[in-house]
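Asks: curious how this folds, go ahead:
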Amino acid sequence: MIKLQPLRIPTGWEMQYNNGFFEIDPSETVPKEDRWYFFKEDMLQLVNVDNNLLLDMGFYPEGDMDKGEYYIRLYEGNCAGELLDELITNERMKAVDFIEDKLDIHGIYNS
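Replies: Residues are numbered from 1 along each chain as shown. A predicted model of the protein is given here:
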């Protein structure tokens, strides 16, 4: 059984959805019929109402283990707002580091 990827989420952030950011890397062998389940376009979304921020994550192209990558974007407001930062990577741990860094806008973990 593959578990959801643990994330350190500071106070102030709310999980809008976690539709499956799992502890599995795109480089691992995944049966073709299961790839869409682990690597999909809508994976994770978090919002910080106080700071008017939204973090959105997906895997594009969905289920494509050869060409696919995690797309993680930080917006002001919502997905139609200003793009503040983004990471495109096929490495799960780089994605985790980026997410935790962007959520830590007040330096909670780095103080």
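Asks: is residue 26 located within a strand, as I assumed?
Replies: No. Counting by DSSP: H, G, I helix; E, B strand; the rest coil, residue 26 is not part of a strand but coil.
Asks: okay, and the beta partners of residue 45?
Replies: residue 17, residue 56 (DSSP bridges).
Asks: in this protein, which spans are strands?
Replies: 14-18, 44-48, 53-60, 69-76, 83-89 (DSSP state E).
Asks: how far off centre is the lowest-mean-pLDDT helix or strand in the chain?
Replies: Of all helical and strand segments in the chain, the minimum by mean pLDDT, DSSP states H and E falls on helix 35-38, at a mean of 91. Helix 35-38 sits 15 Å away from the centroid of its parent chain (Cα atoms, centre = their mean, to the nearest Å).
Asks: longest helix anywhere in the chain?
Replies: Counting residues, the longest helix found in the chain (DSSP state H) is helix 92-103.
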